[in-house]
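Q: Structure of the sequence below:
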Amino acid sequence: MDRDRLLRLARWGDEFARPGFSFGEWVPARKDEAGVIHMGWYEQNEVAVRFVGDMYQLGFVHAFDWMTWLGTPEGKRFRRGPEAVATAGADDLARLLTAIIRGERFSDGELAGAHESGILLAIARRAGELAEGT
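A: The predicted model follows:
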């Protein structure tokens with residue numbers, strides 16, 4: 001993985017670390033005038049859309065069996081928390097980002113949860129370290 005791509009990922013760390021940063025907000029369930037219940041969902045903001053688009057453009061989101069990978073010891077370890085990400089290689093970061101971003105399709109708020117847990121900030125910081133060769 002080339003240095004420029006890692007640096008572009010690393011730059012997201014400033015955004016993730018900003019106080020009050022959010023990828024969007026939860027829209028609560030509601031009942032309309034006809035009595036139909038509309039389930040709640042997570043509404044991503046434009047920053048989330050930009051981040052996801054950037055990760056696709058940079059090639060951090062790629063085709064592989066990410067669902068199976070999440071069940072492996074490696075996948076479980078990286079999802080456990082930011083501490084494990086500190087040992088990740090560039091390919092590990094790409095697999096983890098793929099799982100988080102594609103997981104959003106199946107579970108609203110997956111991206112927000114990865115941010116709140118500190119995993120996304122850890123990914124950005126690790127990308128910076130890898131780009132600098134440390």
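Q: quick one: the helices in this protein?
A: Applying DSSP state H to the chain gives helices spanning 3-17, 46-58, 66-70, 73-80, 82-85, 90-103, 110-116, 119-132.
Q: List the buried residues in the fifth one.
A: Residues of helix 82-85 classed as buried under the neighbour-count rule (16 or more other C-beta atoms under 10 Å) are 82, 84-85. To be clear about C-beta, it is placed using only N, CA and C from the backbone, and glycine gets the same treatment.
Q: which helices and strands sit right next to it?
A: Packed against helix 82-85 by the contact rule (3 or more C-beta pairs under 8 Å, 6 or more residues apart in numbering; DSSP states H and E) you find helix 73-80, helix 90-103, helix 119-132.
Q: Tell me the residue in this protein that is farthest from the middle.
A: Distance from the C-alpha centroid of the chain peaks at residue 34, with 37.3 Å (C-alpha atoms, centre = their mean).
Q: returning to what we had before: and of the helices of the chain, who's closest to residue 30?
A: Among the helices of the chain, helix 110-116 comes nearest to residue 30, with 20.2 Å by C-beta to C-beta.
Q: for the record, mean pLDDT for that closest one?
A: For helix 110-116, mean pLDDT rounds to 94.
Q: In it, which of the residues would be classed as buried?
A: 110-115.
Q: for stretch 63-82, same thing?
A: Neighbour-count burial for stretch 63-82 flags 66, 69-70, 75, 78-79, 82 (criterion: 16+ other C-beta under 10 Å).
Q: Perfect, that will be all.
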